[in-house]
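J.: sharing a sequence plus its predicted fold:
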Amino acid sequence: MTTASFLGSTCLVGAAAVLGVQVTAQQRPTFRTATRLIEVSVVVTDRIGQPVAGLTQADFSLTEDGKPQAISFFEVRDDRTAPASGPASGRQIDRAPNSFSNVPPPAPGTATVILLDRLNAAFDSQWFARKHIDRYLGSMRSGDRVALYVLDGAVRVLHDFSTEAVSLRRALDIYQARVSGHYDASMEPPPEMEGIASWLVDPGLSSSEFFQQRRSTDTFAALEELAAHLTGIGGRKSIVWLSEVFPIPTRFGRQEMLEQMRRATRALSDAQVALYPVDARGVVGAISYSRGKPSFTTFAMVRGSIDTMEIVAEETGGRAFANSNALDRSIGRAVDDSRFMYVLGYYPASAALDGRFRKIKVDVARKKLTVRHRAGYQAGPPPARDRRAREAAIRDALEAPLQTTGVGLTARVSRPADGEDVRLLLSLDPATVTLERDGARWRGAVDLLIAQILPSGKGEVSASLPLAISLTDEERTRLSAERLTIDRTITLQPKTNQLRVVARDVPTGNVGSLVIPLRAVTRQ
């Protein structure tokens with residue numbers, strides 16, 4: 001996508017747009033307020049890895065940066081005997097014809113992304129991982145929600161969340177292992193390449209180190225995109241990452257990679273996503289092969305990647321699996337972690353938004369138990385509200401390969417049998433719109449943008465609407481039981497094949513995006 005076409009047209013300064021309201025009887029969302037309740041999902045297991053039931057709020061203690069916090073919310077979530085998939089109670093998501101949404105349908109059971117890594121795994125490892133994913137899907141429990149994604153520089157969706165193993169296995173059949181040039185070059189660059197990339201980038205950097213840096217940069221950027229994509233799914237989520245990963249550099253690029261890792265793991269933690277790396281190599285033998293050449297396996301070749309796996313897992317509340325050929329069992333154990341957990345909620349004693357990372361520590365009164373949870377959260381300052389920062393956030397969402405879910409969006413599309421006008425009835429999920437008390441009123445602001453996308457990836461902005469919200473207590477109560485809608489008619493440009501809608505909640509900086517493929521819209 002060409003970014004200049006968006007930057008030149010985006011205007012986030014102007015009069016507030018008029019909000020229409022549509023009442024939906026089955027939906028009762030409420031607005032989000034600026035008060036911060038920190039939610040911590042806690043997995044407690046015994047010495048053999050089985051979940052520990054029967055704990056009460058009194059068994060837990062929680063600290064933030066070493067200071068005790070009062071637990072205000074406590075819940076036990078047990079999906080071990082959850083029924084097979086079906087509509088969940090509560091708010092239902094409209095899936096009528098010509099209706100599109102980035103809001104995941106509420107459902108019981110676990111939510112797990114299985115991420116196949118083409119960027120950081122050898123050809124043989126990819127096929128080995130694929131075989132064991134298929135084996136796991138053949139025995140997955142009814143009601144578990146599983147999605148299949150692929151990492152090959154960016155993240156692509158093979159199959160979105162589903163409880164149907166047959167459909168997931170059919171999508172997996174399409175997957176083909178592919179040699180990653182970056183992986184190959186970072187492991188053992190060919191002699192004719194030695195020194196070329198280093199001369200272009202860093203005189204002290206070998207070409208293998210250069211390509212490893214590229215792999216780590218692309219990988220952690222993709223994990224941040226996944227965090228933004230999954231944040232709209234309630235509760236704890238899991239990513240089972242089948243990969244060989246990469247070691248942390250000992251010299252060039254070390255600090256840069258550690259900073260990228262911190263950003264990615266903190267984004268995942270804030271989205272309540274636990275990372276479960278699974279070493280796609282299985283048990284590593286004494287002889288390894290690169291470009292068909294045998295070599296002895298060294299401790300550093302094996303342990304370096306496992307160290308990285310363990311760090312990212314610990315920071316997000318997951319766990320790493322290595323030195324096992326039973327990858328399907330490792331996937332199953334990762335999914336099992338989300339079947340039974342304790343959820344603790346607290347209001348931080350310190351309300352300072354100073355941008356620091358707040359470390360969370362949860363302890364259990366009983367001994368010889370393993371407790372896993374996210375390492376903390378980013379107490380970031382309120383996002384910048386100047387025009388440039390707001391434009392940049394929207395541009396990033398427009399260009400992202402995955403929909404983001406920080407703001408819930410649903411669109412009903414009407415397209416007449418002839419003509420090039422398209423009518424959009426856009427609904428914003430009030431539960432993802434922040435209202436802040438300002439005297440006698442509740443105020444909020446949302447930046448909304450609609451763009452047309454051509455097959456080439458170029459885009460043109462069709463509407464840029466800064467929405468200002470100002471409500472009395474009575475209006476806030478009434479609108480909490482209704483849907484905020486915006487009615488907009490767009491005249492399509494020739495060859496437009498897709499519409500993209502982006503909404504940014506100004507107080508929090510949370511962003512939601514929605515892709516509307518016009519080929520899926522039935523003319524009426």
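T.: Received, thanks. All of these numbers come straight from a predicted model, not from anything done at the bench. Numbering: from 1, shown residues only.

J.: mind telling me what element the closest residue to Tyr183 other than its chain neighbours is part of?
T.: Distances taken as Cβ to Cβ, 6 or more residues apart in numbering put Asn120 closest to Tyr183, at 6.1 Å, once the chain neighbours are dropped. The C-beta positions use only the backbone N, C-alpha and C, and glycine is treated the same way. For Asn120, there is no helix or strand it lies in under DSSP states H and E.

J.: so Asn120 touches Phe246, yeah?
T.: Yes: using Cβ atoms under 8 Å, Asn120 is in contact with Phe246, at 6.0 Å.

J.: next up, phi/psi of Trp127, please.
T.: Dihedral angles phi and psi of Trp127 (degrees, to the nearest 10) take the values phi -70, psi -40.

J.: can you check the one 3 residues further on too?
T.: Note on Arg130: its backbone torsions stand at phi -60, psi -40 [degrees, to the nearest 10].

J.: leaving out the residues flanking it, which one is nearest to Met257?
T.: Nearest residue to Met257 in three dimensions, chain neighbours excluded: Ser216, at 5.0 Å (Cβ to Cβ, 6+ apart).

J.: repeat for Ala58
T.: Ala365 (7.7 Å).

J.: wait, what's in contact with the one you found?
T.: Under the criterion of Cβ atoms under 8 Å, 6 or more residues apart in numbering, the contact partners of Ala365 comprise 58-61.

J.: buried ones among those residues?
T.: If you count burial by 16 or more other Cβ atoms under 10 Å, the buried members of the contacts of Ala365 come out as Phe60.

J.: for the contacts of Ala365, give me a markdown table that also has secondary structure, pLDDT and distance to Ala177.
T.: Converted to a markdown table, the contacts of Ala365 look like this (DSSP: H, G, I helix; E, B strand; the rest coil; pLDDT from 0 to 100; distance: Cβ to Cβ, whole Å):
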| residue | secondary structure | pLDDT | distance to Ala177 |
| --- | --- | --- | --- |
| Ala58 | helix | 96 | 51 |
| Asp59 | helix | 97 | 46 |
| Phe60 | strand | 98 | 44 |
| Ser61 | strand | 97 | 47 |
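
J.: tabulate the contacts of Ala365 (JSON lines), appending distance to Leu467.
T.: Listed next are those as JSON lines, based on distance: Cβ to Cβ, whole Å:
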{"residue": "Ala58", "distance to Leu467": "45"}
{"residue": "Asp59", "distance to Leu467": "45"}
{"residue": "Phe60", "distance to Leu467": "41"}
{"residue": "Ser61", "distance to Leu467": "43"}
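
J.: what helix or strand is the residue most central in space within the chain on?
T.: The chain has Ala227 as the residue nearest its centroid, 2.3 Å off, counting by Cα atoms, centre = their mean. Per DSSP H and E: Ala227 is located in helix 207-230.

J.: check Glu256 too.
T.: Taking DSSP H and E as the criterion, Glu256 maps to helix 254-270.

J.: and the very next helix or strand once past that helix, what other elements does it pack with?
T.: For helix 254-270, the following helix or strand on the C-terminal side (DSSP H and E) is strand 273-279. Using 3 or more Cβ pairs under 8 Å, 6 or more residues apart in numbering; DSSP states H and E as the contact criterion, the neighbours of strand 273-279 among helices and strands are helix 207-230, strand 237-243, helix 254-270, helix 299-316, helix 327-336.
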